[in-house]
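Q: mind folding the following:
(chains A and B)
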Amino acid sequence: MARFPTLSILIKTSSSSSYINLSTIFAKRLFNPTRGNATMGTKSRNSTIFYHLKNKRLDEARRCFNEIRTPDVSLYTMMIAGYCQIDRIDEALQMFYKMPVRDVVSWNSMMKGCIYCGYLEIARKLFDEMPHRTVVSWTTMISGFSKFGQIEMAKEFFSKMPSKDTAAWNSMIFCYCSYGRVEDAYNLFRNMPSRNVISWTTMISGLDQTGQTAKALALFQEMRSSGIEPTSSTFAIVLTACANILALDRGIQLHTHILKLGYELDPFISSTLITFYARCKQINDSVKVFQENSNTNVVMWTALVSGYGLSFDHEQALAVFRDMINVGVVPNQCTFTCALNSCSVLEALDKGKVIHSKAMKIGLGLDVFVANSLIAMYSKCGNIDDGVIIFNKMRERNLVSWNSVIVGCAQHGRAEMAFQIFNQMEQANIQPDEITFVSLLTACSHSTLLEKGRFFFELLKNHPGIQLKLEHYACMVDILGRSGKLEESEEFIKKMPIEPNSLIWLTLLGACKVHLNAEIATRAAEFALKLDPNCSAPYILLSNLYSSLNKWKDASRIRRVMKEKGIIKQPGRSWVTLRGSRHEFLSGDISHPLIKKIHQKLEWLNGKLKELGYVPDPSYALHDVEDEQKEVMLSYHSERLAIGFGLISTVEGSTLRVMKNLRVCGDCHSVIKLISKIVSREIIVRDSCRFHHFRDGNCSCGDHW
DNA sequence: GTAGGGTTAG
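A: Numbers count the residues shown, from 1 in each chain, chains lettered A, B, ... in the order given. Have a look, this model is predicted:
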């Protein structure tokens, strides 16, 4: 990096008619410091200050500033702005009050600085104190109120200001848009005396951000028709709108337009294009945009990481993250969020841990966004304890932090901990939202806590500002059903103020299976199938229920109907991730290279199981339609193959993590409890519903699953 | 190079 500004800046000295390069002056000062101050002209001293201000080196700027006997108003103003930009508001204010003369620009600057540093009240005081106000003073205050959500104050100032220019109108439009009041914004937009490209761009963005993307694009067309040229900001916004509704062709047209105007290397445009193509499932075009821009920055890299994530290629997302680190680009909060999200989806605990340590090194380990992602990552990778540790360490938390840790506890069967954290949340005066309640109710259903469930549902119903959603009802149906209150659960569905979906009925059906109630189950299955005729779950659940009741004829009738309708059950799959690679097993799978050793291990385990008095429950073997055809024995269910593989491939005593796409079968659940005792290891199984922690012959779900 | 209005990654 050059220490001084390059040759582009030339100044004319007073003593000579020739032009002298700035760096020569700096060099002179550097090599001859004793002469420097005395011989330096005001102009060059100002240049030095500008240079330091630009690089945010305020102390050095101040040293030069102090050498000037009578700095003019503008120099003071620049120093003030410089202090504010690096959050040194006290020094800015001191300097402001020390100035011999203040003009309207310095007042406005000081107000802006206060707002930037979060001191709206001081800005307001300055506004009231200042001798003369211009339209800029008023507009500065309007954006200040807007920034802190004081819309009514912004409105009041806007109506009171003696004259308004376009920028003033724009700031009020932006204020409304920022808080979702697009109608109000649109009224102003239509009624303002003259509109510039910023007015149009602001309005387009406001419409898009409130989900009115079609209107936003129409407004863009109208803007074009009225002869206004878009700027790079406009393009960024309109491209985002296209991405939101996956309007690929429209976006490609914009891309052409962007190339014509030469905006393609603008970093804002590049990153927007990357995301646009990724969302439209054209990741190769994202890569092209990235590669064609030689000035990549952290946002563009992040856009590519997230782009691969949007394309469900999380392996590649993490590869891009690694490349980025290798070329020396420093990730920020957003990059970590994307990369950790990919780890969560891949359930790649090891990679997640590596990224966690990177974040800590950079000092972002407890950043609220990064920590939230870490909580989710640890929880989804089966390690809720580390998620809770991070949550407890956080100094700043937002609603997402609370929700992430509560949902994590719920999914891992830590109901008590979820409730405790919720209590803390209430004590901290943090308002819960829909997701908080889904998590709490999930915790109740996973541990079958009927009274607690009723309590939270009542709390939710009476909570102002929270709308009850299908998920809440589904949880309550589950809680009632699992508690054996099948009739009440069915009544509850019938009294729901919103239309139940198939999931609601399936939930009731699942509970009927647990409590072997064929009558309600039949009705629930009918409703579920009416709403989603091609779903296999009602057939499977009903057939399994009949099998458990030894009603073999009914069971096979259901399976026959299912076959006739061509409805296929999703095959059961289980997998273990070891050193970054995934080992997946289907039921009765013999394709794994270590299958012989796996079978040996399982046979050895079967012997030990028998010694413990375990008798297989044959009814579970009949539950699986596909298994029946393949003559697969219970002991070769996919989860057991995965566990057998895990046991022979990992260190004795270490925790084993297994993932499954469906719910763990009842027989396997009993067996895995015993296996955890036999091999003295913790086995964590994540099935389609939740996490099971098997340890010493027990499971964290307490058999409520 | 003294002040106000719109933009990118999640």
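Q: over to A:Cys689. Which of the three states is it?
A: coil (DSSP: H, G, I helix; E, B strand; the rest coil).
Q: now for it, how many residues are close by?
A: 18 (other C-beta atoms under 10 Å). Yep, even glycine has a C-beta here, placed from its N, CA and C like the rest.
Q: that one and A:Gly118, how far apart?
A: 45 Å (C-beta to C-beta, to the nearest Å).
Q: okay, strands next: where are they in the stretch 51-200 of chain A?
A: Counting by DSSP state E, counting those that start in this stretch, the stretch 51-200 of chain A has no strands to list.
Q: give me the nearest residue to the closest residue to DNA strand B within the stretch 451-600 of chain A, chain neighbours excluded.
A: Ranked by C-beta to the nearest atom of the strand, the top residue of the stretch 451-600 of chain A for proximity to DNA strand B is A:Glu471, at 20.8 Å. Leaving aside its sequence neighbours, A:Glu471 sits nearest to A:Val438 (C-beta to C-beta, 6 or more residues apart in numbering; 4.8 Å).
Q: OK, contacts around the one you found?
A: A:Val407, A:Lys469, A:Glu471, A:His472, A:Cys475 (C-beta atoms under 8 Å, 6 or more residues apart in numbering).
Q: next, it: phi, psi?
A: Dihedral angles of A:Val438 (phi, psi; degrees, to the nearest 10) stand at phi -60, psi -40.
Q: quick check, central residue of chain A?
A: The residue lying closest to the centre of chain A (C-alpha atoms, centre = their mean) is A:Thr337, at 6.7 Å.
Q: ok, and that one, which helix or strand is that part of?
A: helix A:333-346 (DSSP states H and E).
Q: in that helix, what's buried?
A: Of the residues in helix A:333-346, A:333-344, A:346 count as buried by neighbour count, 16 or more other C-beta atoms under 10 Å.
Q: greatest separation within the residues you listed: which pair is it?
A: By the measure C-beta to C-beta, A:Gln333 and A:Leu346 form the most distant pair in these, at 20.6 Å.
Q: OK, contacts around the residue nearest to A:Leu248 when sequence neighbours are not counted?
A: Spatial nearest neighbour of A:Leu248, chain neighbours left out: A:Cys280 (4.4 Å); criterion: C-beta to C-beta, 6+ apart. Applying C-beta under 8 Å, 6+ apart, we find A:Cys280 in contact with A:Ala243, A:Leu246, A:Ala247, A:Leu248, A:Gly251.
Q: so which of the residues you listed is the most crowded?
A: These, ranked by neighbours (other C-beta under 10 Å): first place A:Gly251, 25 neighbours.
Q: confidence score at that one?
A: At A:Gly251, the predicted lDDT confidence score is 96.
Q: ok, back up a step: dump the residue contacts of the residue nearest to the centre of chain A.
A: By C-beta under 8 Å, 6+ apart, the neighbours of A:Thr337 are A:Phe369, A:Val370, A:Asn372, A:Ser373.
Q: if we can go back for a sec, what's the helix or strand hosting the residue of the stretch 451-600 of chain A closest to DNA strand B packed up against?
A: Assessed by DSSP H and E, A:Glu471 sits inside helix A:470-482. When contacts are defined as 3 or more C-beta pairs under 8 Å, 6 or more residues apart in numbering; DSSP states H and E, helix A:470-482 sits against helix A:434-446, helix A:450-461, helix A:486-494, helix A:502-515.
Q: packing partners for the longest one?
A: Judged by 3+ C-beta pairs under 8 Å, 6+ apart, the packing partners of helix A:502-515 are helix A:470-482, helix A:486-494, helix A:518-531, helix A:537-548.
Q: still on that earlier bit, identify the farthest-apart pair in the contacts of A:Val438.
A: Checking the contacts of A:Val438 with C-beta to C-beta, the most distant pair is A:Val407 and A:Lys469, at 15.0 Å.
Q: which one's more surrounded, these two?
A: Using other C-beta under 10 Å as the criterion, A:Val407 and A:Lys469 rank with A:Val407 on top: 23 against 13.
Q: now the more buried one. Nearest residue, chain neighbours left out?
A: Among residues not flanking A:Val407 along the chain, A:Ser439 sits closest, at 4.1 Å (C-beta to C-beta, 6+ apart).
Q: give the buried residues for stretch A:405-420.
A: Of the residues in stretch A:405-420, those buried (16+ other C-beta under 10 Å) are A:405-415, A:417-419.
Q: so which residues make contact with it?
A: Contact with stretch A:405-420 is made by A:375-376, A:378-379, A:384, A:387-388, A:391, A:421-422, A:425, A:435-436, A:438-440, A:442-444, A:446-447, A:449, A:452, A:690-693, A:700-702, as judged by C-beta under 8 Å, 6+ apart.
Q: what of stretch A:316-325?
A: A:298, A:301, A:304-309, A:331, A:335, A:338-339, A:342-343, A:346, A:348, A:351, A:355, A:358.
Q: show me which of those residues neighbour DNA strand B.
A: Counting by C-beta under 7 Å from any atom of the strand, A:Val298, A:Ser306, A:Gly307, A:Thr335, A:Cys338 from the contacts of stretch A:316-325 sit close to DNA strand B.
Q: ok, and what's touching stretch A:149-158?
A: Contacts of stretch A:149-158 (C-beta under 8 Å, 6+ apart): A:120, A:138, A:141-142, A:145-146, A:164, A:168, A:172, A:175-176, A:179, A:181.
Q: which parts of chain A belong to which domain?
A: Listed domain ranges for chain A are A:1-194, A:389-529, A:574-699 (source: automatic domain parsing).
Q: tell me which element the residue in the stretch 351-500 of chain A that DNA strand B sits nearest to is part of?
A: Nearest residue of the stretch 351-500 of chain A to DNA strand B (C-beta to the nearest atom of the strand) works out as A:Phe369 at 3.9 Å. Element membership for A:Phe369, per DSSP H and E: helix A:368-380.
Q: just the CA atoms of that helix, as CSV, please.
A: Output in CSV follows, covering the C-alpha atoms of helix A:368-380 (Å, rounded to 0.1, in the frame of the first residue of the first chain):
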residue,chain,number,x,y,z
VAL,A,368,-25.3,-11.9,17.9
PHE,A,369,-25.8,-13.1,14.3
VAL,A,370,-22.9,-15.5,14.3
ALA,A,371,-23.8,-16.9,17.7
ASN,A,372,-27.4,-17.4,16.6
SER,A,373,-26.1,-19.4,13.7
LEU,A,374,-23.8,-21.4,16.0
ILE,A,375,-26.6,-22.3,18.3
ALA,A,376,-28.6,-23.6,15.4
MET,A,377,-25.6,-25.4,13.9
TYR,A,378,-24.7,-27.2,17.2
SER,A,379,-28.3,-28.0,17.9
LYS,A,380,-29.0,-29.4,14.4
